[in-house]
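1. A predicted structure for the sequence below; I have some questions about it.
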Amino acid sequence: MYKQMKIILTAFLLILSAAASAQDGKEKAMPRISSSVPPRTVRYDLYVADTTVTYGKKKKRAIAVNGQIPMPTLTFTEGDTALIYVHNKLNEETSMHWHGLFLPNQMDGVPFLTQMPIQPHSTYIYKFPIIQHGTHWYHSHSELQEQIGMYGAFIINKRTEVDIPTIPLVISEWTDMKPEEVHRSLKNANDWFAIKKGTTQSYVEAIRTGHFKTKVNNEWKRMNAMDVSDVYYDTFLINGKNQNVQPQFKAGDKVRLRIANGGASDYFWLTYSGGKITVVATDGNDVEPVEVDRLMIAVSETYDVVLTIPKDKRYEFLVTPEDRTKSASLWLGSGEKVFAQKLPKLKYFAGMKMMNDMMDMSGNMMEMEGMKMQNQTMDMNAVMYPESLDLVTLNYGMLRSPNKTTLPDAPWKELKFDLTGNMNRYVWTLDNKTVSESDKILIKKGENVRIILFNNSMMRHPMHLHGHDFRVLNGQGEYAPMKNVIDIMPMERDTIEFAATEPGGDWFFHCHILYHMMSGMGRVFSYENSTPNPEIPDPELAQRKLFNDDREFHPMARIGIETNGSDGELMLANTRYRFSTEWRIGFDKTMGYEIESHFGRYIGRNQWLFPYVGWDFRKRTTDPLDKDIFGQSLAPGNNVFGQKNSKNFRQVFHLGFQYTLPMLVVADASVDHKGNVRFQLMREDIPISKRLRFQFMLNTDKEYMAGFRYIATKYLGLSTHYDSDMGYGAGLTLSY
Ligand SMILES: [Cu+2]
């Protein structure tokens with residue numbers, strides 16, 4: 001009873017203090033931490049609950065902890081013991097991962113891997129010794145909860161800490177779209193985000209800007225429009241606000257920002273109007289101070305930077321997502337505003353041209369002869385930057401540890417992974433395998449593990465290792481920096497090494513872009529001969545649940561209602577399998593109906609090959625006098641193979657395959673159980689202009705179709721098409 005009251009009281013006090021700090025609208029600069037405070041057990045109570053926010057245009061659901069987004073900053077001193085009560089007030093499961101921390105495996109907070117999820121309306125206690133220092137953060141590792149508010153700073157002071165004001169900064173994105181819907185849109189190659197961001201790269205835009213050849217070349221190599229980020233966001237937040245003001249600084253003051261990128265999928269440029277940015281730490285590890293004009297913070301990375309306020313003015317620390325759609329600002333000092341330079345729009349066609357040059361016809365990134373691409377030292381994206389590049393931009397090659405970081409003398413284990421992906425179907429993998437398709441990787445306590453990573457995809461990936469820091473081999477020899485996230489740009493080959501020093505357990509290694517992780521881009525490192533984790537009472541069940549993430553099926557639908565009839569498609573698909581059913585139903589009785597279904601599996605890394613089984617039912621009664629636009633009778637004669645055309649009446653099973661050809665044309669060959677053969681070519685979603693799409697189909701049954709769709713909203717389009725059997729139609733197309 002006493003304990004319960006204490007919890008309630010603690011919560012009440014926490015909420016009060018949160019409300020107070022929200023009211024004065026500024027973070028409190030941390031005083032100097034004295035080394036004389038003895039180690040203590042520091043307790044936090046975190047109440048995870050639903051809330052609503054209006055960060056974008058509408059009131060939307062979010063998840064807050066102790067009423068706050070981001071979650072409260074947790075502060076410790078090296079040597080303390082963390083005691084964290086997570087009270088789940090949600091009607092769904094949750095979990096809490098302490099990102100970058102060295103801790104016992106069962107405290108790592110990965111549901112179904114290191115613990116079972118925290119059930120709704122229950123409390124879970126995390127307790128672990130704090131044996132390191134630095135800027136870290138924490139977040140939910142359950143489903144897509146991180147996208148809607150479950151991220152916060154986790155700060156560990158050294159026993160003796162630097163004596164300058166310090167502000168923890170958590171950067172994040174906000175979308176008014178539910179994260180499940182974001183994920184589904186990505187899986188369905190819906191280009192609504194590109195329309196919102198103005199990055200469709202349509203044929204009209206290509207012709208207007210003189211890049212027609214580049215666009216054709218791009219589609220010839222079977223690529224869609226290129227982008228540096230996947231999701232359109234409504235706003236960007238620094239500590240939960242788009243504009244932050246810290247007026248307390250005067251000319252000559254210094255401030256240390258402890259920055260964590262808590263965004264789910266965006267990288268951010270960091271720039272400052274008051275002069276150079278001095279980088280002093282990354283991922284919680286000190287580096288030799290290095291002065292730069294700007295740096296990019298990858299998803300889930302942390303950087304500590306020191307800024308000087310040069311005059312009694314208000315200087316802008318500008319946070320710009322890599323796609324440069326919008327920005328967020330932190331203002332330091334008071335008085336006249338000094339703006340940081342806004343980053344100009346990216347030159348996407350220049351990027352597309354570079355991608356064309358980098359990719360061969362089989363969809364592999366070509367490694368260039370004599371060109372060593374690693375550690376962000378050569379920024380291939382720079383071709384898209386309109387700004388002058390005599391700026392000093394941070395790269396991993398510039399990071400140097402103040403102490404030697406060489407690993408102990410021990411046996412080595414070397415692993416190699418290709419970072420692989422399929423943009424068109426939004427499948428992300430290592431060596432073309434998802435987490436559920438691969439075994440755990442066994443490592444031994446006491447050995448050193450070297451991992452060589454080659455990015456054979458068109459996107460950069462921030463790869464994160466749980467529970468361990470790794471050295472990034474960056475040319476600094478014995479002083480290679482220690483990190484727990486490594487951003488790998490397309491075509492880069494990077495090497496990391498870590499000492500397997502944990503007593504045991506399963507440690508996740510994954511891409512930290514939330515939607516890539518949920519697609520299965522990761523592996524589990526498992527210590528050999530680990531004692532069973534008491535938090536996982538049923539390992540088989542836990543594994544099945546863990547694997548469900550990347551096995552999930554996503555629904556999709558396109559329903560056309562036009563003057564001559566309805567046609568459309570329903571689809572359920574996951575990483576490898578697709579079930580789809582298409583229909584055409586004429587409003588005029590003689591036009592009848594046809595329903596064709598396919599179930600199949602995608603083969604290969606690019607998933608260009610799709611063998612399937614299917615069934616086809618159709619019934620039409622055509623007047624022999626009816627003719628199509630070419631004057632050809634609609635009555636079934638023979639198909640082009642001389643077989644009797646069954647296009648008007650068919651009840652068959654068929655076998656076939658689809659193959660994606662250059663120009664993204666899908667060839668489809670099938671034979672039905674009566675021996676009739678059909679060959680078909682089709683292309684959907686040719687981007688004519690920003691919102692106008694063209695599609696066509698023709699086959700050996702002498703059927704053909706062509707049509708336009710104008711995308712009005714995410715779910716609604718205006719459409720028109722001509723169909724050899726049903727004639728002209730115009731109406732609406734709903735896309736889900
Ligand atoms: Cu990724």
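-> Cool, the structure landed. Residues are numbered from 1 along each chain as shown.
2. From residue 459, how far out is the closest residue to the ion within the stretch 601-736 of the chain?
-> Nearest residue of the stretch 601-736 of the chain to the ion (CB to the ion) works out as residue 605 at 15.2 Å. The C-beta positions use only the backbone N, C-alpha and C, and glycine is treated the same way. Going from residue 605 to residue 459 by CB to CB, to the nearest Å gives 15 Å.
3. same thing with residue 135?
-> Going from residue 135 to residue 459 by CB to CB gives 26 Å.
4. more crowded one of these two?
-> It is residue 135, of residue 135 and residue 459, that has more neighbours when counted by other CB atoms under 10 Å, with 26 against 20.
5. Spit out the contact partners of the closest residue to residue 93 other than its chain neighbours.
-> Excluding the flanking residues, the one nearest residue 93 by CB to CB, 6 or more residues apart in numbering is residue 117, at 3.6 Å. If you count contacts by CB atoms under 8 Å, 6 or more residues apart in numbering, residue 117 has them with 93-95, 111, 142.
6. same thing but 6 Å
-> 93, 95, 111 (CB atoms under 6 Å, 6 or more residues apart in numbering).
7. And the pLDDT for residue 28?
-> The model reports residue 28 with a pLDDT of 42.
8. Tell me how far the residue located most distally from the centre of the chain lies from residue 702.
-> Most distant from the centre of the chain: residue 625, at 55.5 Å, with distances by CA atoms, centre = their mean. According to CB to CB, residue 625 and residue 702 sit 17 Å apart.
9. before we move on, what about residue 359?
-> Distance of residue 359 to residue 702, computed by CB to CB: 37 Å.
10. and if you look at residue 453?
-> Counting by CB to CB, the separation of residue 453 from residue 702 is 51 Å.
11. Same question for residue 60.
-> From residue 60 to residue 702 the distance is 51 Å (CB to CB).
12. and if you look at residue 660?
-> Distance of residue 660 to residue 702, given as CB to CB: 24 Å.
13. go on, residue 458?
-> 39 Å.
14. again, but for residue 610
-> For residue 610 relative to residue 702 (CB to CB), the value is 24 Å.
15. quick one, phi/psi of the residue lying closest to residue 421 once chain neighbours are set aside?
-> Once flanking residues are discounted, residue 421 sits nearest to residue 457: 3.9 Å by CB to CB, 6+ apart. For residue 457, the backbone dihedrals (degrees, to the nearest 10) come out as phi -130, psi 170.
16. swap in residue 396?
-> phi -60, psi -30.
17. Mind jotting down where the helices sit in the stretch 501-650 of the chain?
-> 514-518, 539-551 (DSSP state H, counting those that start in this stretch).
18. How far away from the center of its chain is the first one?
-> This means helix 514-518. 5 Å (CA atoms, centre = their mean, to the nearest Å).
19. and the residue in the stretch 301-450 of the chain that the ion sits nearest to, what pLDDT?
-> Among the residues of the stretch 301-450 of the chain, residue 428 lies closest to the ion, at 5.5 Å counting by CB to the ion. On pLDDT, residue 428 comes in at 96.
20. show me what contacts it?
-> For residue 428, counting by CB under 6 Å, 6+ apart, the contacting residues are 421, 516, 519, 521.
21. pLDDT below threshold where in the stretch 351-500 of the chain?
-> Along the stretch 351-500 of the chain, the parts satisfying pLDDT under 70 run over 368-370.
22. What ranges does it have for its strands?
-> Ranges of strands within the stretch 351-500 of the chain are 412-422, 427-430, 441-443, 448-455, 461-465, 470-472, 482-483, 485-488, 493-499, based on DSSP state E, counting those that start in this stretch.
23. mind giving me a markdown table with these and columns for distance to residue 400?
-> Formatted as a markdown table, these follow (distance: least, CB to CB, whole Å):
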| stretch | distance to residue 400 |
| --- | --- |
| strand 412-422 | 24 |
| strand 427-430 | 29 |
| strand 441-443 | 28 |
| strand 448-455 | 20 |
| strand 461-465 | 21 |
| strand 470-472 | 11 |
| strand 482-483 | 11 |
| strand 485-488 | 16 |
| strand 493-499 | 16 |
